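Engineer: for reference, the sequence and a predicted model appear below.
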Amino acid sequence: MVLLVVVDVFLRHTMQAAIPGGIAFSQIILAIVVFFALGQAQAKKEHIRVEIFVDKLLPSKKIRRYLDLVVYLVAIIFFAIIFWESIEAFKVSYNIKEYYGGAQIRVPIYPARGALLVGCVIIIGQFIKDSIQLFTKNKE
């Protein structure tokens, strides 16, 4: 994706020409990368978290565990809603072969919509796994 953007910018500024559909392709690739990376970021616990609240105001590990469970359950519900609402959008986009308008070439949108569905399933699965691990690992 970075290579596509760099070459596109280089061509725009040196030859006054661009890669046909370069911006549209980079938007689709960005969406796919972001949605596929959600579950991996959760697995590595790399999402943003307000540690000062958790560490300073909740010294008990048991309370922290329950707070994490509440956060995981809210996240599961949130991503389940996104998943549910995106199913129809993906079906319509795929059936009509939706593509970006204005590009010199037809860049389909439905791969990004499909990536949203897959990414939601991956992160929901990771949140369920993390929720189970909260109470099955050794109590501290």
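Structural biologist: Thanks, I have it. Residues are numbered from 1 along each chain as shown.
Engineer: going by C-alpha atoms from here, please, whenever you check contacts or count neighbours.
Structural biologist: OK.
Engineer: tell me the helices and strands packed up against the longest helix seen in the chain.
Structural biologist: Taking DSSP state H as the assignment, the helix of the chain that covers the most residues is helix 61-95. In terms of contacts (3 or more C-alpha pairs under 8 Å, 6 or more residues apart in numbering; DSSP states H and E), helix 61-95 is packed against helix 110-136.
Engineer: quick check: buried residues in the helix it packs on?
Structural biologist: For helix 110-136, the buried set under the neighbour-count rule, 16 or more other C-alpha atoms under 10 Å, comprises 110-124, 126-128, 130-131, 134.
Engineer: tell me what angle the longest helix of the chain forms with helix 110-136.
Structural biologist: For the pair helix 61-95 and helix 110-136, the angle between their directions (axes from the mean of the first three to the mean of the last three C-alpha atoms, to 10 degrees) equals 160 degrees.
Engineer: return the distance of helix 61-95 from the chain's centre.
Structural biologist: What separates the centre of helix 61-95 from the centre of its chain is 11 Å, taken as C-alpha atoms, centre = their mean, to the nearest Å.
Engineer: just the buried residues of it, please?
Structural biologist: Residues 68-69, 72-73, 75-76, 79-80, 83, 86, 90, 93-94 are the ones in helix 61-95 that count as buried (16+ other C-alpha under 10 Å).
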